[in-house]
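Peer 1: Sequence unavailable; structure follows:
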Ligand code: CP
Ligand code: NVA
């Protein structure tokens, strides 16, 4: 579906004041309209000035892309960002989340939270009177996935009926890819070692959302999984918080690396995506990473455009 300016505005109108904790918080029309708005902002066809709104960033984990893209997105919308890392706020000294969330709601207009448990993020949203955005939890990474689907659109146009194969750990990124694929009609195959599958509840949820034409699959054979795929995707074998499992995971994930051999089994025109940071020689070979770096860095840049669209929508700036 392609929207003009008015179409985008009406599809996004009811996102004002909304949280974005999961990819499934917005329906397929709203998600596609967000991607269209992101494209308009990227090309300069559309400019939005929110008039000095403030985004609070509560990050309990490291971040380069998410943090900087939120900061720049807010600056481009005429607003500001305040850093509220638990290490520098009273959160780190035990101030309850329910108090912090209510206090920040009096100062800020929106907050983005990067943390471990999805329940903690949901708790922020419960107590906040302003929109709360998921900047990554152990369960999902929805802002990343918006950028990924924008990048796939830029490469192929239509999303419907495309096949994306994710090779690696059934983690937060794999979860959001499955859910968003289900929502937008993109077939998603996850190839992972035994014992590292996506959460069964997420897979079930994605299956319930998907139309009968969209296939979602979990397999343990990367070569059969990449057959017919137009998009190959990977992410780190050990996510933030799993550092102590790094060595055992390196053994378990052997053979789950996107290298030239695996890539040659996919569609000839397949693109390769990686949410970054990348570990060359683990989930992706240095050669594949370099040969596909243009798309991968477009994908990173798209974080800025989709988050600008997201902020403008939840802050009612359309
Ligand atoms: N892809 C991503 O979220 O990167 P950061 O961890 O650097 O934010
Ligand atoms: N799965 C990774 C994504 C990093 C952007 C992690 O959670 O660390």
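Peer 2: Perfect, I can see it now. Just so it is clear, the model here is predicted, and its values are computed rather than measured. Ligands and ions are numbered 1, 2, ... in the order given.

Peer 1: Buried residues, the longest helix that the chain contains. List them.
Peer 2: As assigned by DSSP state H, the longest helix anywhere in the chain is helix 293-314. Across helix 293-314, burial judged by 16 or more other Cβ atoms under 10 Å covers 295-296, 298-300, 302-314. Heads up, the C-betas are built off the backbone N, CA and C, glycines and all.

Peer 1: Up against ligand 2, what does the stretch 1-150 of the chain have?
Peer 2: residue 136 (Cβ under 6 Å from any ligand atom).

Peer 1: Now with 8 Å, please.
Peer 2: For the stretch 1-150 of the chain, the residues in contact with ligand 2 (Cβ under 8 Å from any ligand atom) are 61, 63, 65-66, 136, 138, 141, 144.

Peer 1: With the stretch 151-300 of the chain instead?
Peer 2: So far as Cβ under 8 Å from any ligand atom goes, the stretch 151-300 of the chain lies against ligand 2 at 169, 171-173, 235-236, 238-242, 275-277.

Peer 1: Let's see that with 5 Å instead.
Peer 2: Proximity of the stretch 151-300 of the chain to ligand 2, by Cβ under 5 Å from any ligand atom, involves residues 171, 235, 239-240, 275.

Peer 1: from these, which two are the most distant?
Peer 2: Of all pairs drawn from those, the greatest distance, 12.1 Å, lies between 240 and 275 (Cβ to Cβ).

Peer 1: The two: who's more crowded?
Peer 2: residue 275 (25 against 16; other Cβ atoms under 10 Å).

Peer 1: I'd assumed residue 146 was in contact with the more buried one.
Peer 2: No - under the criterion of Cβ atoms under 8 Å, residue 275 is not in contact with residue 146, lying 11.6 Å apart.

Peer 1: which non-adjacent residue is nearest residue 154?
Peer 2: The shortest distance from residue 154 to any non-neighbouring residue, by Cβ to Cβ, 6 or more residues apart in numbering, is to residue 298 (6.7 Å).

Peer 1: Just the element for residue 148, please.
Peer 2: helix 142-156 (DSSP states H and E).

Peer 1: Would you mind listing the buried residues in that helix?
Peer 2: Neighbour counts over helix 142-156 (16+ other Cβ under 10 Å) mark 142-155 as buried.

Peer 1: Read off the pLDDT value for whichever residue of the stretch 151-300 of the chain sits closest to ligand 1.
Peer 2: Closest contact between the stretch 151-300 of the chain and ligand 1, by Cβ to the nearest ligand atom, is at residue 275 (4.1 Å). On pLDDT, residue 275 comes in at 98.

Peer 1: Kindly report the same for residue 318.
Peer 2: Residue-level pLDDT assigned to residue 318 equals 86.

Peer 1: Could I get the contacting residues of it?
Peer 2: 8-9, 12-13, 37, 48, 312 (Cβ atoms under 8 Å, 6 or more residues apart in numbering).

Peer 1: And the helices in the stretch 101-250 of the chain?
Peer 2: Under the criterion DSSP state H, counting those that start in this stretch, helices of the stretch 101-250 of the chain are mapped to 118-127, 142-156, 172-184, 200-209, 222-226, 246-252.
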